[in-house]
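Student: Let me see the structure of the following:
(3 chains)
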Amino acid sequence: MDLDRLYREQERLAKRAKLYDAFGKIRYVAGLDCSYTGDRIIGGAVVVDYETLEPVEYAHATRTLKFPYIPGLLAYREAGAMMAAFRKVRRDVDVLMVDGFGVNHPRRCGIATHVGVKLDMPAIGVGKSFLCGESCGADICQDGEKVGRMLYTGGSKRPIYVSPGHRISLDTAVELVKHCIVSGRLPEPTRLAHEYVTALKKKYAGN
DNA sequence: GCGACAG
DNA sequence: ATCTTGTCGC
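Tutor: Residues are numbered from 1 along each chain as shown, chains lettered A, B, ... in the order given. Below you'll find the model as predicted:
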């Protein structure tokens, strides 16, 4: 497979990413994540009420695994299943919270940016481990630009990495993620989505 | 060439 | 991500 073509597509998508707030009042936030079972990938979306942080809708979709895991190209492995799951959501979602990175990425196009731009939805990336960049205090910089921020949540020793994906600024993305922290290390949308796809994996294993 | 490397 | 038991800690 020619990865160069994918790298070029990422650069094109990155140019379309808007790093300023472009959305209205937030009512629903959808968390997106994936799990695997055999040669299948399961994408899941959990819609959470932004005020109560309670889940109000669940949707999922499965695909045959076609792409390997390659750092920097995660979207080509998981974005398809995530978007398929999100398309099944009935509710009018305002913001997407994706498991992975946004513009804090080698080519400024992590999975949150990839999904956000393709669906033209405000999107935030929430990573659980370092990908790239230099740490400038709590911020993560790339070429002198702030592209993400480390957040020590849930009293964890390890930080989570928040970066804007599309139609949102870094500060607002951080603000929304903090708002969604209840007690765990991850914000509710992403935490519930992970819990959801993990439970689905077990069901598919016995089916 | 060497090291780093989301999920 | 996934394979896996018990175990330390709040």
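Student: And stretch A:57-75, end to end?
Tutor: 24 Å (Cα to Cα, to the nearest Å).
Student: Do any residues in that stretch lie close to DNA strand B?
Tutor: Yes: on the criterion Cβ under 7 Å from any atom of the strand, stretch A:57-75 is in touch with DNA strand B at A:69, A:71, A:72, A:73, A:74, A:75. Every residue, glycine included, has its C-beta placed from N, CA and C.
Student: now the residues you listed in JSON lines, with neighbour count, distance to residue A:18 and pLDDT?
Tutor: Output for the residues of stretch A:57-75 next to DNA strand B, formatted as JSON lines (neighbours: other Cβ atoms under 10 Å; distance: Cβ to Cβ, whole Å; pLDDT from 0 to 100):
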{"residue": "A:69", "neighbour count": "11", "distance to residue A:18": "28", "pLDDT": "96"}
{"residue": "A:71", "neighbour count": "9", "distance to residue A:18": "25", "pLDDT": "96"}
{"residue": "A:72", "neighbour count": "18", "distance to residue A:18": "22", "pLDDT": "98"}
{"residue": "A:73", "neighbour count": "20", "distance to residue A:18": "23", "pLDDT": "98"}
{"residue": "A:74", "neighbour count": "20", "distance to residue A:18": "21", "pLDDT": "98"}
{"residue": "A:75", "neighbour count": "27", "distance to residue A:18": "18", "pLDDT": "98"}
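Student: Where does the residue in chain A that DNA strand C sits nearest to sit, in terms of helix or strand?
Tutor: Across chain A, the shortest distance to DNA strand C (Cβ to the nearest atom of the strand) belongs to residue A:35, at 3.4 Å. Residue A:35 belongs to strand A:28-37 when assigned by DSSP states H and E.
Student: same question, residue A:8
Tutor: helix A:3-16.
Student: what does residue A:48 give?
Tutor: Counting by DSSP H and E, residue A:48 is found in strand A:40-49.
Student: Just name whatever secondary elements that strand is in contact with.
Tutor: For strand A:40-49, the elements it packs on are strand A:28-37, strand A:55-64, helix A:75-87, helix A:188-205, judged by 3 or more Cβ pairs under 8 Å, 6 or more residues apart in numbering; DSSP states H and E.
Student: would you list these in TSV and tack on distance to residue A:182?
Tutor: As requested, the helices and strands packed on strand A:40-49 are exported to TSV (distance: least, Cβ to Cβ, whole Å):
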stretch	distance to residue A:182
strand A:28-37	13
strand A:55-64	12
helix A:75-87	23
helix A:188-205	6
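Student: which of the ones you listed sits most buried?
Tutor: Mean neighbour count (mean count of other Cβ atoms under 10 Å) peaks for strand A:28-37 among the helices and strands packed on strand A:40-49, with a mean of 24.
Student: Per-residue pLDDT of residue A:107, please?
Tutor: Looking at residue A:107, its pLDDT stands at 98.
Student: Got phi/psi on the residue lying closest to residue A:3 once chain neighbours are set aside?
Tutor: Excluding the flanking residues, the one nearest residue A:3 by Cβ to Cβ, 6 or more residues apart in numbering is residue A:73, at 7.0 Å. Dihedral angles of residue A:73 (phi, psi; degrees, to the nearest 10) stand at phi -120, psi 20.
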